[in-house]
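1. Predicted structure and sequence below. I'll ask about it afterward.
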Amino acid sequence: MNLSSFQVGASGGNLTGSVVIGASCPWSVAGLPDWIAVSGPAAGSGPATITLVVAANAGPPRTATIVVAGDDVTVTQAGATYTVSGHVTLGGQPLQGMFMSLGIQATGRFQTVQTDANGYYSIAFPAAGTVYLLEAGLPGYSFLTDQGGVTMATAEVLPFGNQTIDFTAWLNPAIGGLTAGFPSAIQPAPAAYAPGEIISIYGSSLCDAVQPASVPLADSLGGCRVWLDGTELPLYYSSPGQVNAVLPQNAPVGGNVLWVERFTDSSDSVLAAIGDNFSIRIAPVSMDFVEIADGGDTILAVQFQDGGFAGAGRPVKPGDIVTLYLTGLGAKVQTGPDGAAPGVPDAAIQQPGVLVQGLAAPILYAGAQPQCPGLDQIDLQLPQYALPAGKTTATFAIGAPSVSQTNTYEVPAVQ
């Protein structure tokens, strides 16, 4: 054969070569694969022109070595090229500038394009012997696609054939801040939170729906879940910008992390996005009290036995039995299911102390409020205090000795 090798494109075609041989010498073509044929006789004698017919290649590049008149002849054919394309949307609107990466994981080689102004992308790829992986990426977003009725973050692209794969983008939930469930207008913001405490999480794209909860509290609300170091939190309220949750009663003291998971709908069957970790510190006790408005002032909520609240129009006096409401008394003697109302009194393991005008107030009960998960109460009797001349408030100093916390309030009072 006058040529030892041929190159042919993916579309195939005819390859022609000459057999240079003596007039009476026989020759033949042998070792043909199923994608190469001979046009005309495959054997003869003397000089001849041979035409090889190469079929179109729908797969990856391929090579065959055939024997012509005793010589090896190599035929190499290019592989086919295909296109994967699609549309990327966020809330039904096109998402521009999103990165689409296509490659074979084992090779570590990926090609990347960006979506255009209308959210469309197109990537050409050579046919291969294994599937490609298609991923969408943009900081702050997660992406989902549907393949065969299964929703996933990474699409498998068949190694041959043009394909269309659409993606839906989801904003990752982002925690921006954290407060106690009863943020104070008087006391400094807490540096830590207690096991079983109600907390409010603020941020963006936290949940899909504004939804209050009912007791017992569920771990899922409004298409989202909140986690503390691998434990799901019962939820009181959900919205895109705020989630109210109850910390686990067995939350470990020290540094911990919170994160939010967002689902495609309230069934929680398909995870759409996961937020970054947010640091939170857990202390044995972190008292945060309910406060109320009294005229133009904010004061401690002090409830009388008849259900009314103390204020300028109804001051407290020595001997009154009152209740203070708060969250953050910490672990209780009995540990029930997270998110469930205790149903019965359950005393706090670490008991607080209350001074009224410097005198110790007898604590009648300090522990869980029986009807509301995460809510605590302190029942006390006011001591026989005295007020300085002209003073119209009694100073309440409520302390948690184990964490050196003291919350001080001025409560309208008489003597």
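-> Nice, thanks for sending it over.
2. Would you mind identifying the next helix or strand past the helix or strand of the chain with the lowest mean pLDDT?
-> Every helix and strand of the chain was ranked by mean pLDDT, DSSP states H and E. The lowest is strand 150-152, at a mean of 82. Next helix or strand after strand 150-152 toward the C-terminus (DSSP states H and E): strand 154-157.
3. Could I get the average pLDDT for that next one?
-> For strand 154-157, mean pLDDT is 91.
4. Direction included, what does it pair up with?
-> Here strand 154-157 has these sheet partners by DSSP bridges: strand 132-137 (antiparallel).
5. What distance do you get for the residue nearest the centre of the chain to residue 160?
-> Nearest to the geometric centre of the chain sits residue 274, at 0.8 Å (CA atoms, centre = their mean). In this view, residue 274 and residue 160 are 34 Å apart by CB to CB, to the nearest Å. Just so you know, the C-beta spots here come from the backbone N, C-alpha and C atoms, and that holds for glycine as well.
6. Same question for residue 220.
-> Distance from residue 220 to residue 160, by CB to CB: 42 Å.
7. again with residue 361
-> From residue 361 to residue 160 the distance is 81 Å (CB to CB).
8. returning to that earlier point: roughly how far out does the least confident helix or strand of the chain sit from the chain middle?
-> Chain-centre distance of strand 150-152: 16 Å, with CA atoms, centre = their mean, to the nearest Å.
9. From the contact counts, what lies against it?
-> Helices and strands touching strand 150-152, as assessed by 3 or more CB pairs under 8 Å, 6 or more residues apart in numbering; DSSP states H and E, comprise strand 141-147.
10. List the contacts of residue 222.
-> 207, 208, 209, 210, 211, 235, 238, 239, 266 (CB atoms under 8 Å, 6 or more residues apart in numbering).
11. Out of the residues you listed, which sit inside strands?
-> Among the contacts of residue 222, DSSP state E puts 211, 235, 238 in strands.
12. Just the buried ones out of those residues, please.
-> In the ones in strands among the contacts of residue 222, burial by neighbour count holds for 235, 238, counting by 16 or more other CB atoms under 10 Å.
13. just to revisit the earlier point, list the beta-bridge partners for the residue nearest to the centre of the chain.
-> residue 261.
14. OK, contacts around it?
-> 142, 172, 173, 259, 260, 261, 262.
15. 10 Å - rerun?
-> By CB atoms under 10 Å, 6 or more residues apart in numbering, the contact list for residue 274 reads 142, 170, 172, 173, 225, 227, 259, 260, 261, 262.
16. from the contacts of residue 222, which is closest to residue 23?
-> residue 208 (85.4 Å; CB to CB).
17. Could you check how far the nearest residue to that closest one once chain neighbours are set aside is from residue 262?
-> With CB to CB, 6 or more residues apart in numbering as the measure, residue 223 is the residue that lies nearest to residue 208, at 3.9 Å, once sequence neighbours are left out. Going from residue 223 to residue 262 by CB to CB gives 6 Å.
18. Of these two, which one has the most company?
-> residue 262 (24 against 21; other CB atoms under 10 Å).
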